[in-house]
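Participant: What would the 3D arrangement of this be:
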Amino acid sequence: MLLKIGIPESLIKLAYRFVDVEKYSLTLDERTLEYSFAISKLCKLTPGNLLDIGCSARVNLIPSTFCELGWKVWGIDLRDYNFRHNNFTFIKDSILSYPFPTESFDAITAVSTIEHIGVKGRYGIKERVTWADKSTFNMVRRLLKPSGKFILTVPYGDVYKETPLNKVYDMENLLWLCRNWNIKELRTTETLALVELVK
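Facilitator: Modelled structure (predicted):
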């Protein structure tokens, strides 16, 4: 198990002089596929307003990529996020409680996020919130402009289950979440579902 520890910046700089730190800290995993999927779908759109739910992931490329492409990007997360750009606004809050105006966004992304919403113990959530994932889908639908796109990725498996960390969706439960949407693409691997939805 890996633990987050505070390491002085001087020690990190010293390590970079003698060790290929990135070789040990960055791996090509599912997250690479997830961000590639989201970016490829959004790059086909005319720049507009984008909301990235759960933006504080360490390797998240969505805010920086789309700010540079001329989008106005908002990121929302319960954790801090230190990215700064003139086209970026960060909100430290829950997607289920922040009062965004209706039909504010041309696109919304949630990369490896939906499965954590409402899970007790994750990211400071004090109590389990039943159907928080469905409530999030409803909120996203309210926030998207007509014909807006929702790009998401979630853990996937043969059987739906809830763990202390997240939910894992099977096809039946994933289709239930998406039932009020137009599914443009739904692709699965053994452990991951990649979904493009249109309002």
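
Participant: so who does the spatially closest residue to residue 115 that is not a sequence neighbour touch?
Facilitator: Leaving aside its chain neighbours, residue 115 sits nearest to residue 166 (4.0 Å; criterion: CB to CB, 6 or more residues apart in numbering). (Each C-beta comes from the backbone N, C-alpha and C, glycine too.) Shown in contact with residue 166 (CB atoms under 8 Å, 6 or more residues apart in numbering): 115-116, 119, 122, 155.

Participant: Could you check how far the top strand by length along the chain is from the centre of its chain?
Facilitator: Looking across the chain with DSSP state E, the single longest strand is strand 144-155. When distances are taken as CA atoms, centre = their mean, to the nearest Å, strand 144-155 is centred 11 Å away from the chain's centroid.

Participant: Mind giving me the packing neighbours of the next helix or strand after it?
Facilitator: Later in the chain than strand 144-155, the nearest helix or strand by DSSP states H and E is strand 161-162. Counting contacts by 3 or more CB pairs under 8 Å, 6 or more residues apart in numbering; DSSP states H and E, strand 161-162 packs against strand 167-168.

Participant: Name the next helix or strand downstream of the strand it packs on, please.
Facilitator: Remark: after strand 167-168, the chain's next helix or strand is helix 171-177, criterion DSSP H and E.

Participant: Give me the contacts around that following helix.
Facilitator: Counting by CB under 8 Å, 6+ apart, 114, 133-134, 137, 154, 156, 160, 169, 186, 188, 193, 195 sit against helix 171-177.

Participant: and if you look at stretch 141-153?
Facilitator: Under CB under 8 Å, 6+ apart, the answer for stretch 141-153 is 34, 37-38, 41-42, 45, 48, 51, 100, 102-114, 140, 180-181, 184, 192-199.

Participant: mind saving the C-alpha coords of that stretch as PDB?
Facilitator: Extracted C-alpha coordinates of stretch 141-153, given in PDB (Å, rounded to 0.1, in the frame of the first residue of the first chain):
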ATOM      1  CA  ARG A 141     -28.600  16.300 -17.400                       C
ATOM      2  CA  ARG A 142     -29.800  19.600 -15.800                       C
ATOM      3  CA  LEU A 143     -26.500  21.300 -16.300                       C
ATOM      4  CA  LEU A 144     -26.000  20.400 -20.000                       C
ATOM      5  CA  LYS A 145     -27.200  22.500 -22.800                       C
ATOM      6  CA  PRO A 146     -29.500  20.800 -25.400                       C
ATOM      7  CA  SER A 147     -27.500  18.300 -27.300                       C
ATOM      8  CA  GLY A 148     -24.700  18.600 -24.700                       C
ATOM      9  CA  LYS A 149     -22.300  15.700 -24.300                       C
ATOM     10  CA  PHE A 150     -21.500  13.700 -21.100                       C
ATOM     11  CA  ILE A 151     -18.300  11.700 -21.300                       C
ATOM     12  CA  LEU A 152     -17.600   9.300 -18.400                       C
ATOM     13  CA  THR A 153     -15.600   6.300 -17.400                       C
END
